[in-house]
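> What follows is a protein structure lacking sequence information:
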């Protein structure tokens, strides 16, 4: 027995999280799902992680920022699209979102010290897990503040499901790392946030770490941990709230997959992890599926001279082989993810770069169009 259709999901969920490996078209399909929700009459907001301008262009916008921007009805109308409810989009700005979190959570006396700290500036831009943590934190904010009836979250590209689901916990564990605090304790207890190695009494651990990452970095790390030491419970409280949101009945997950054997296996592992975590799996979308060339294509090559005819025959053979491979992947994915609904979206002849193309992709999500 199959679960609810994606149309039903878009009609009743409050949050839809699009997950999957990088490079499978997750960002585009997140936007397409939000557009279809608005077409069904539910105001929708898509929050994307992808910094590429092509999504903004596809939505008829000149740019996407860290706050929601409405896709104007007149822009949609020029593309022949009418939505029954507003559609908004935004792009997560990692640094700005971290800074906003510090402004809201840090005691006034500590804010500037944290914002100017060089270790914090690394944490808020490139440290592994920081993007995943702030994406979920931003989701919690949007859930509390946005009046959109559906929020669609595009997630950072990950090779493994646990990279996304566990990265926020790793960030929190780092901020409250007992080993780091023990190592930095002499400076923290003395109220001196300078970590010149000489002041550590020549400790072997301190000298070793100092040689690896540098005394100045240790100094910045100590200053950062000292400044945020009173905020850890606030961070953890927010993380608990977001985890509760992810597992609630108002939140579902849409798994986007590719049809190649490697992408198929990644998707099956991701699907299993979501199930093990007790998260609601609303659908699997297999993107960029190769369609079978029509039988008439062979007849159209008749009468052509070589080498053109030979090249076209080889191309048709390759397309049919890919279509057969993708049919097998879809069958295996359907068997491995049942009873979760599975939807196939074809490989388009060009990148999705405008509103009509985005609408076309969305039509496959709701079954208005189907792969033959």
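Received the coordinates, thanks. For clarity, every value in this text was computed on a predicted model and none was experimentally measured.

> Identify the residues contacting stretch 87-101?
31, 34-35, 38, 43-51, 55-56, 59, 61, 64-71, 76, 115, 120, 123-125, 130-131, 134-135, 137-138, 148 (CB atoms under 8 Å, 6 or more residues apart in numbering). To be clear about C-beta, it is placed using only N, CA and C from the backbone, and glycine gets the same treatment.

> Tell me which residue lies farthest from the centre of this structure.
residue 303 (49.5 Å; CA atoms, centre = their mean).

> Look at that residue and give its secondary structure.
coil (DSSP: H, G, I helix; E, B strand; the rest coil).

> what about it, distance to residue 327?
To residue 327, residue 303 is 31 Å away according to CB to CB, to the nearest Å.

> that older thread, what subset of the contacts of stretch 87-101 is buried?
Applying 16 or more other CB atoms under 10 Å to these, the neighbour count classes 31, 34-35, 38, 43-50, 55-56, 59, 61, 64, 66, 68-69, 71, 76, 115, 120, 123-124, 130-131, 134-135, 137-138, 148 as buried.

> Which ones among those map onto helices?
Taking DSSP state H as the definition of helices, the buried ones among the contacts of stretch 87-101 contribute 31, 34-35, 38, 55-56, 76, 115, 120, 123, 130-131, 134-135, 137-138.

> what's the single longest helix in this structure?
helix 308-337.

> what pLDDT does the residue nearest in space to the middle of the chain get?
For the chain, residue 155 is the residue whose C-alpha lies nearest the centre (CA atoms, centre = their mean; 0.8 Å). Residue 155 is assigned 87 on the pLDDT scale.

> just the one 10 residues further on next, same as before
Per-residue confidence at residue 165 stands at 79 (pLDDT).

> can you tell me the helix or strand for it?
Residue 165 belongs to helix 161-175 when assigned by DSSP states H and E.

> next one: residue 255
strand 251-258.

> Can you give the contact residues for that strand?
6, 9, 13-21, 23-26, 29-30, 33, 245, 263-264, 266-267, 270-271, 274, 279-288, 333, 337.

> what separates the closest residue to residue 250 other than its chain neighbours from residue 144, distance-wise?
Of all residues not flanking residue 250 in the chain, residue 14 sits nearest, at 3.8 Å (CB to CB, 6 or more residues apart in numbering). Note on residue 14: its distance to residue 144, by CB to CB, is 12 Å.

> who's more crowded, those two?
residue 14 (16 against 9; other CB atoms under 10 Å).

> Need phi/psi at that one.
phi -90, psi -30 (degrees, to the nearest 10).

> That one contacts residue 150, correct?
Yes. In terms of CB atoms under 8 Å, residue 14 counts as a neighbour of residue 150; the distance is 6.7 Å.

> circling back: by how many degrees do the strand holding residue 255 and helix 308-337 diverge?
150 degrees (axes from the mean of the first three to the mean of the last three CA atoms, to 10 degrees).

> Quick one: mean pLDDT over strand 251-258.
96.

> Can you give me the buried ones in that strand?
251, 252, 253, 254, 255, 256, 257, 258.

> So which of those residues is the closest to residue 360?
residue 256 (16.7 Å; CB to CB).

> how close does that closest one get to residue 77?
29 Å.

> Would you mind checking the average pLDDT for stretch 37-49?
Mean per-residue pLDDT for stretch 37-49: 95.

> Return the distance of it from the chain's centre.
Computed by CA atoms, centre = their mean, to the nearest Å, the separation of stretch 37-49 from the middle of its chain amounts to 16 Å.

> Helix or strand: which one has residue 142?
helix 130-145.

> angle of that helix against strand 251-258?
140 degrees.

> continuing past helix 130-145, what's the next helix or strand?
strand 150-154.

> which residues touch the residue nearest to the centre of the chain?
Residues in contact with residue 155 (CB under 8 Å, 6+ apart) are 17, 18, 19, 20, 26, 49, 132, 135, 164.

> nearest to residue 341, of those residues?
The closest of the contacts of residue 155, once distances to residue 341 are taken by CB to CB, is residue 18, at 14.8 Å.

> The closest one belongs to a strand, doesn't it?
Yes. Counting by three-state DSSP, residue 18 is located in a strand.

> That one is in contact with residue 33, isn't it?
Yes. Using CB under 8 Å, residue 18 is in contact with residue 33, at 7.2 Å.

> Mind listing the shared neighbours of these two?
Joint contacts of residue 18 and residue 33 (CB under 8 Å, 6+ apart) are 152, 254.

> so who does residue 227 touch?
106, 110, 113, 114, 117.

> can you tell me how far the third one sits from residue 97?
The one in question is residue 113. 19 Å.

> any low-confidence regions in this structure?
Under the criterion pLDDT under 70, the flagged ranges of the chain are 1-3, 50-53, 127-128, 158-162, 168, 171-172, 174-218, 368-372.

> if you set the cut-off to 80 instead, what comes out?
1-4, 50-55, 123-130, 157-233, 235-236, 239, 303-304, 368-372 (pLDDT under 80).

> In this structure residue 266 contacts residue 21, no?
Yes. Counting by CB under 8 Å, residue 266 touches residue 21, with 4.9 Å between them.

> Which positions within whichever strand or helix holds residue 101 qualify as buried?
Per DSSP H and E, residue 101 falls inside helix 94-105. Across helix 94-105, burial judged by 16+ other CB under 10 Å covers 94, 97, 98, 99, 100, 101, 102, 105.

> Would you mind measuring from the third one to residue 113?
By that I understand residue 98. Distance from residue 98 to residue 113, by CB to CB: 15 Å.

> What is the burial count for residue 345?
Neighbours around residue 345, by other CB under 10 Å: 25.

> With the one 5 residues further on instead?
For residue 350, the count of nearby residues is 7 (other CB under 10 Å).
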